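Enquirer: 3D, please:
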Amino acid sequence: VIKMPSSPLLGLLNTFSIFGLRPPVQLSLPLMPSAPDRLGEQHLRPPSHSLSLQMAARRFAACSTSGDVDLRCFVAASYEFAQLLEAFGPWTESSLKDARRNLLRIEEGTRRHGVKSMQALLRREASEGSSKSGDLAEAMMWARIQLKFWVEVFDQHVTEPSSLPDELMRGFDKSLAAYFFGGVRVAFSFAAKRAPDWDRLPCARSLAASKTALSGELRRFVSAVRPLLRRMHSIQSSLNLEDPRTPLSAYS
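Expert: Numbers count the residues shown, from 1 in each chain. Next comes the predicted model:
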């Protein structure tokens, strides 16, 4: 089971920014200072093809196979989704840096063992008693939760549309809030207010042709990605590698 730190201060020290929040859990290894630079070289270049919510949904849906998750597929899909989110504006930058750190840790695990199966990789790390097994499980968990945050934000726009700042707040409540103390929610609410509304995003015109089209794209993304999130949660829970604060209803 992923452990909480002995002091809430540790959780705060692992906070990159309001939109790059990390919950107060014990990291088995410190994050590598060089990780963002390596990621910058490999994954921050402008995409060579047009990215869309529809394509991102297809990429994620393809990662779930025969009761398992193809981690190489998941990492690739997540990198592409991060590129898409970058077009939302600079306010996403900090959270994406944190997301890419998690993806790098997963990528290194698959490469170290030559395994792409989520179940097989977690079991192999645990059976070998690797000091990095908890670190890898944590990276998988937060990569999933960070993706769930955006799924919940998109779902809020589909089911109860309002402004993007308000939807960000409700998405936080449905994904990340369970892992933080109340003061962080207040800080997040102030940060969310600085985000522009959907029609003022830098990528607004390329994201969808109309408000109706945007709702349709977001709805299809949510429908395609939720099953993947459920499977990832199920795998980690079955191996006793899930944070005990995760609500039972979060993936039902």
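Enquirer: List the contacts of the residue nearest the centre of the chain.
Expert: In the chain, the C-alpha closest to the average C-alpha coordinate belongs to Gln146, at a distance of 2.3 Å (C-alpha atoms, centre = their mean). Under the criterion of C-beta atoms under 8 Å, 6 or more residues apart in numbering, the contact partners of Gln146 comprise Ser95, Asp98, Ala99, Asn102. For glycine as for every other residue, the C-beta is placed from the backbone atoms N, C-alpha and C.
Enquirer: mind checking pLDDT for it?
Expert: Each residue has a pLDDT score; the one for Gln146 is 95.
Enquirer: ok, it to Tyr179 distance?
Expert: Using C-beta to C-beta, to the nearest Å, one gets 11 Å for the distance from Gln146 to Tyr179.
Enquirer: Kindly report the same for Arg100.
Expert: In terms of C-beta to C-beta, Arg100 sits 20 Å off from Tyr179.
Enquirer: just the helices in the stretch 151-252 of the chain please.
Expert: Taking DSSP state H, counting those that start in this stretch, the helices of the stretch 151-252 of the chain run over residues 164-175, 182-192, 204-207, 211-238.
Enquirer: the inter-axis angle of the first one versus helix 182-192?
Expert: So the one you mean is helix 164-175. 150 degrees (axes from the mean of the first three to the mean of the last three C-alpha atoms, to 10 degrees).
Enquirer: one step back: if you count surrounding residues, which of Arg100 and Tyr179 has more?
Expert: Between Arg100 and Tyr179, counted using other C-beta atoms under 10 Å, Arg100 has the larger neighbour count: 24 against 20.
Enquirer: That one against Glu80, yeah?
Expert: No - Arg100 lies out of contact with Glu80 (C-beta atoms under 8 Å); the separation is 12.0 Å.
Enquirer: quick one on the thing from earlier: make CSV from the helices of the stretch 151-252 of the chain and add mean neighbour count to it.
Expert: Below are these laid out as CSV (neighbours: other C-beta atoms under 10 Å):
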stretch, mean neighbour count
helix 164-175, 20
helix 182-192, 15
helix 204-207, 14
helix 211-238, 18
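Enquirer: could I get these as TSV with mean pLDDT and distance to Ser252?
Expert: Written out in TSV, the entries for the helices of the stretch 151-252 of the chain read as follows (pLDDT from 0 to 100; distance: least, C-beta to C-beta, whole Å):
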stretch	mean pLDDT	distance to Ser252
helix 164-175	97	12
helix 182-192	89	23
helix 204-207	89	30
helix 211-238	96	8
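Enquirer: and of these, who's closest to Ser127?
Expert: Of all these, it is helix 211-238 that lies closest to Ser127, at 14.9 Å by C-beta to C-beta.
Enquirer: so what secondary structure elements neighbour the closest one?
Expert: Contact here means 3 or more C-beta pairs under 8 Å, 6 or more residues apart in numbering; DSSP states H and E; on that basis helix 211-238 packs against helix 53-61, strand 64-65, strand 68-69, helix 118-127, helix 133-159.
Enquirer: neighbouring contacts of the second one?
Expert: Applying C-beta under 8 Å, 6+ apart, the set of residues contacting strand 64-65 from outside is Asp70, Pro227, Leu228, Arg231.
Enquirer: Kindly recompute the last result at 7 Å.
Expert: Pro227, Leu228, Arg231 (C-beta atoms under 7 Å, 6 or more residues apart in numbering).
Enquirer: So in that sheet, which strands flank that strand, and in what orientation?
Expert: Partner strands and pairing direction for strand 64-65 (DSSP bridges) are strand 68-69 (antiparallel).
Enquirer: Good, wrapping up.
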